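Peer 1: Got a predicted structure here, sequence first:
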Amino acid sequence: MELIPAAVEAFSEKYTSKESDVLYKLNRETHLKVELPHMLSGHVQGQFLSMVSHMVRPRRILELGTYTGYSAICLAAGLTPDGLLHTIDINEELETRCLEYFREAGYADKIKMHIGKAADIVAQLDEEYDLVFIDADKAGYVNYYDLVWEKLRPGGFMLADNVLYHGQVLLPESEQGGQAKAMIRFCEKVLADDRAEQMLLTIRDGLLLIRKK
Ligand SMILES: C[S@@+](CC[C@H](N)C(=O)[O-])C[C@H]1O[C@@H](n2cnc3c(N)ncnc32)[C@H](O)[C@@H]1O
């Protein structure tokens with residue numbers, strides 16, 4: 001399902017600040033050499049993540065689901081001088097490329113990549129986060145929300161990607177796949193949580209922006 005008409009997407013790209021040379025190169029290399037390149041946040045969403053980071057000025061960021069590191073580089077842009085971004089991915093084959101690009105982007109000391117299951121690593125990290133980006137396996141979102149909640153500072157923000165799941169969330173339940181159902185369960189959980197304030201942004205595949213009251 002086309003969520004955003006191609007012409008609107010092109011107009012939005014045209015009037016969004018250009019990708020940096022590093023992000024352009026990473027975007028292109030991911031599409032040429034890495035499986036499932038549609039997973040990469042991309043130009044417009046990446047610029048949105050960068051803007052949010054500049055607005056929040058986070059000291060600690062947590063990202064679940066690094067992939068090739070595109071969103072991590074965007075999110076790192078607004079870190080405070082003593083800031084650090086922890087990013088987690090289960091796929092160890094991605095690590096070398098990510099570390100090269102983090103260095104090339106000037107964030108070798110600002111982004112710490114962890115390889116392993118997100119739930120295990122989150123439990124091991126003793127940090128209080130200002131900003132969290134959930135973008136790993138969709139079935140895990142409900143659990144990640146609970147795990148991360150206690151580590152998110154009051155007034156802190158969470159962003160969760162793919163909540164529209166290619167538009168499948170709009171189909172009758174009998175036609176939805178497991179991932180779309182997981183996204184609806186996640187959105188319902190956040191909606192029912194009085195401790196949170198949220199809005200669903202129809203950027204790319206849908207971002208749920210959550211504020212811890
Ligand atoms: C959608 S991609 C992340 C895209 C990236 N955030 C970006 O915007 O460029 C999802 C990533 O989650 C990782 N992943 C899947 N299950 C995971 C798990 N249980 N723990 C940690 N990472 C996981 C995958 O290996 C994949 O690289």
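Peer 2: Received it, and whenever you're ready, just let me know what you need. Just so you know, these numbers come straight off a predicted model, no measurement behind them. Numbering: from 1, shown residues only.
Peer 1: Tell me if stretch 129-142 is near the ligand.
Peer 2: Yes - using C-beta under 6 Å from any ligand atom, stretch 129-142 reaches the ligand at 135-137, 140. For glycine as for every other residue, the C-beta is placed from the backbone atoms N, C-alpha and C.
Peer 1: Residues of this protein that sit close to the ligand?
Peer 2: Checking the chain against the ligand by C-beta under 6 Å from any ligand atom, the hits are 39-41, 65, 67, 70-71, 88-91, 117-118, 135-137, 140.
Peer 1: Now list the buried members of those.
Peer 2: Buried subset of the residues of the chain next to the ligand (neighbour count, 16 or more other C-beta atoms under 10 Å): 39-41, 65, 67, 70-71, 88-90, 117-118, 135-137, 140.
Peer 1: Among these, name the ones in helices.
Peer 2: 70-71, 118 (DSSP state H).
Peer 1: Show the average pLDDT along stretch 81-91.
Peer 2: For stretch 81-91, the mean per-residue pLDDT is 98.
Peer 1: Helix, strand, or coil at the residue located most distally from the centre of the chain?
Peer 2: The centre of the chain is farthest from one residue, S174, which by C-alpha atoms, centre = their mean lies 28.2 Å away. Of the three states, S174 takes helix according to DSSP: H, G, I helix; E, B strand; the rest coil.
Peer 1: can you tell me how far it sits from C187?
Peer 2: 19 Å (C-beta to C-beta, to the nearest Å).
Peer 1: just R57 next, same as before
Peer 2: From R57 over to C187 (counting by C-beta to C-beta), the distance is 28 Å.
Peer 1: Looking at the buried ones among the residues of the chain next to the ligand, which are in strands?
Peer 2: Using DSSP state E, the subset of these located in strands is 88-89.
Peer 1: Surely H86 touches Q124?
Peer 2: No - counting by C-beta atoms under 8 Å, H86 does not reach Q124; the two are 10.2 Å apart.
Peer 1: Just want to know which of these two has more residues nearby.
Peer 2: Taking neighbours as other C-beta atoms under 10 Å, H86 and Q124 compare with H86 leading, 21 against 8.
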